[in-house]
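In: From the sequence below, what's the structure:
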Amino acid sequence: MVSNCFVRRDHMRQYIDLANDCGAELRIIEAQGCWPNIHNVPNEVIVRMRRNWEPVDDLLELYA
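Out: Predicted coordinates for the structure are as follows:
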């Protein structure tokens, strides 16, 4: 399992390719809520991540 805070689709590419190469099942879960910041990430970092966010709705089809 890989758990990460990817915000750009191309950052996920290597994991998608690896899963495809290994024949592994791949699930991408996109959190769409608004939760408190429990890891003390600076607010300016969160703002930047939101601004750079790219949706993943069709990502698996692109790299299948």
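
In: just the helices in this structure please.
Out: 9-22, 43-52, 59-62 (DSSP state H).

In: could the ones you listed go into a markdown table alongside mean pLDDT and mean neighbour count?
Out: (Each C-beta comes from the backbone N, C-alpha and C, glycine too.) As requested, the helices of the chain are arranged in a markdown table below (pLDDT from 0 to 100; neighbours: other CB atoms under 10 Å):
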| stretch | mean pLDDT | mean neighbour count |
| --- | --- | --- |
| helix 9-22 | 87 | 13 |
| helix 43-52 | 91 | 10 |
| helix 59-62 | 70 | 13 |
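
In: which one of those lies closest to residue 32?
Out: Ranking the helices of the chain by proximity to residue 32 (CB to CB) places helix 43-52 first, at 12.1 Å.

In: can you put the helices of the chain in JSON lines and add distance to residue 31?
Out: Compiled in JSON lines, the helices of the chain are given as follows (distance: least, CB to CB, whole Å):
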{"stretch": "helix 9-22", "distance to residue 31": "14"}
{"stretch": "helix 43-52", "distance to residue 31": "12"}
{"stretch": "helix 59-62", "distance to residue 31": "15"}
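
In: out of those, which comes closest to residue 37?
Out: Closest to residue 37 of the helices of the chain, according to CB to CB: helix 43-52, at 6.6 Å.

In: hmm, who's touching the closest one?
Out: With contacts defined as CB atoms under 8 Å, 6 or more residues apart in numbering, helix 43-52 is touched by 5, 7, 8, 37.

In: Which pair of the residues you listed spans the longest distance?
Out: The widest separation within the contacts of helix 43-52 (CB to CB) is 20.3 Å, between 8 and 37.

In: quick one: contacts for the closest residue to residue 57 other than its chain neighbours?
Out: Counting by CB to CB, 6 or more residues apart in numbering, residue 30 is the residue found nearest to residue 57 once chain neighbours are left out, at 7.6 Å. Neighbouring residues of residue 30 by CB under 8 Å, 6+ apart: 55, 56, 57.

In: Cool, thanks, signing off.
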